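Colleague: Mind looking at a prediction? Sequence and model below.
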Amino acid sequence: MEHSEPQRSDEPLEAVLFDMDGVLVDSFEAWVQVVEACRARRGLPPLGIETIRESWGQGIQADCETFFVGSEPAALAREYNAEFPRHLGRIRQMDGALDAVRIVRAAGLRTAVVTNTPAELARRILNTAGFDGLFDAFAGGDEVPRGKPDPALLRLAAQRLGTAPSRTVLVGDTPIDIGAARAAGVKSIGYRLDGGDTRIERLAELPPICLEWRARKDSNLRPSAPEADALSS
């Protein structure tokens, strides 16, 4: 389904939405094990790492349409929830993620996780990775009809935070994230990715940008290098 693209405004920033996998944590190896175990339970052949990588982040509805044809999203979410704890040891924090979230929150910005992963499982993953208590809201892929790049998850997160989409920014690492933000009228920051309102190479660069966007009327402007250095010092 196509969506019109709301005009992103220059309103001050109030909240930061974080994609989970690839921004906050690296859980790819764990997910490979989960998906293959669920397929083996059905007597289906292994997919292999590259096949899973090609569809990485597609969301639980898409998993039901591709990897587990005939399964219902709610039932598959329960199966994922049951299987994933066996593989929590494969999850690692992304460099700089914990400090970035803490600094953004300390500055008074609200925070939420927006992920195609089922919501309850996302909470368990992030709590295990050390992010317990650092998010004001979660929006998971099992809570909307379609996951990202559909804008529904971002709008749900903004609603739960009590802020307008135009006053939020999404930090993501895939074109799926950037597309969802654009469709929802949300600003976007690409982590090692072009196509958003700006790009960062390290998560340590995130807090200065967010603080500048909160303070400036023209929130499409990224702070200059001297300003960013001053804010992060």
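Modeller: Perfect, thanks for sending it.
Colleague: From now on I want contacts and neighbour counts done on CA atoms only, so please keep to that.
Modeller: Noted.
Colleague: quick one, phi psi at Gly190?
Modeller: When read as degrees, to the nearest 10, the backbone of Gly190 gives phi -90, psi 120.
Colleague: Residues in a beta bridge with it, which ones?
Modeller: Note on Gly190: beta-bridge partners Gly172, Arg199, judged by DSSP bridges.
Colleague: so who does it touch?
Modeller: Neighbour list for Gly190: Val171, Gly172, Asp173, Thr174, Ile178, Gly196, Asp197, Thr198, Arg199, Ile200 [criterion: CA atoms under 8 Å, 6 or more residues apart in numbering].
Colleague: Return the closest of these with respect to Gly48.
Modeller: Thr174 (21.1 Å; CA to CA).
Colleague: Please verify my assumption that the closest one contacts Asp194.
Modeller: No - the pair Thr174 and Asp194 fails to qualify as a contact (CA atoms under 8 Å) at a distance of 9.1 Å.
Colleague: Arg102: which element?
Modeller: Per DSSP states H and E, Arg102 falls inside helix 97-106.
Colleague: Enumerate every residue touching Ile103.
Modeller: Pro207.
Colleague: repeat for Met94
Modeller: Listed by CA under 8 Å, 6+ apart, the contact set of Met94 reads Gly22, Val23, Leu24, Val25, Asp26.
Colleague: again with Glu54
Modeller: Contacts of Glu54 (CA under 8 Å, 6+ apart): none.
Colleague: for the host helix or strand of Ala74, what is the average pLDDT?
Modeller: In the assignment (DSSP H and E), Ala74 maps to helix 73-83. The average pLDDT within helix 73-83 is 91.
Colleague: Name the residues of that helix that are buried.
Modeller: By 16 or more other CA atoms under 10 Å, the buried positions in helix 73-83 come out as Pro73, Leu76, Ala77, Tyr80, Asn81, Glu83.
Colleague: go on, stretch 93-106?
Modeller: Neighbour counts over stretch 93-106 (16+ other CA under 10 Å) mark Gln93, Met94, Ala97, Leu98, Ala100, Val101, Ile103, Val104, Arg105 as buried.
Colleague: Next: stretch 195-205.
Modeller: Gly196, Asp197, Thr198, Arg199, Ile200, Leu203, Ala204, Glu205.
Colleague: higher neighbour count, Thr174 and Asp194?
Modeller: Remark: of Thr174 and Asp194, Thr174 carries more neighbours, 21 against 15, as counted by other CA atoms under 10 Å.
Colleague: contacting residues around the more buried one?
Modeller: Counting by CA under 8 Å, 6+ apart, Thr174 has contacts Gly190, Leu193.
Colleague: returning to that earlier point: mean confidence for the helix holding Arg102?
Modeller: Taken as a whole, helix 97-106 carries a mean pLDDT of 98.
Colleague: As a markdown table, the buried residues of stretch 93-106 with distance to Thr128 would be great.
Modeller: Shown next, in a markdown table, are the buried residues of stretch 93-106 (distance: CA to CA, whole Å):
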| residue | distance to Thr128 |
| --- | --- |
| Gln93 | 10 |
| Met94 | 13 |
| Ala97 | 14 |
| Leu98 | 13 |
| Ala100 | 18 |
| Val101 | 16 |
| Ile103 | 20 |
| Val104 | 21 |
| Arg105 | 20 |
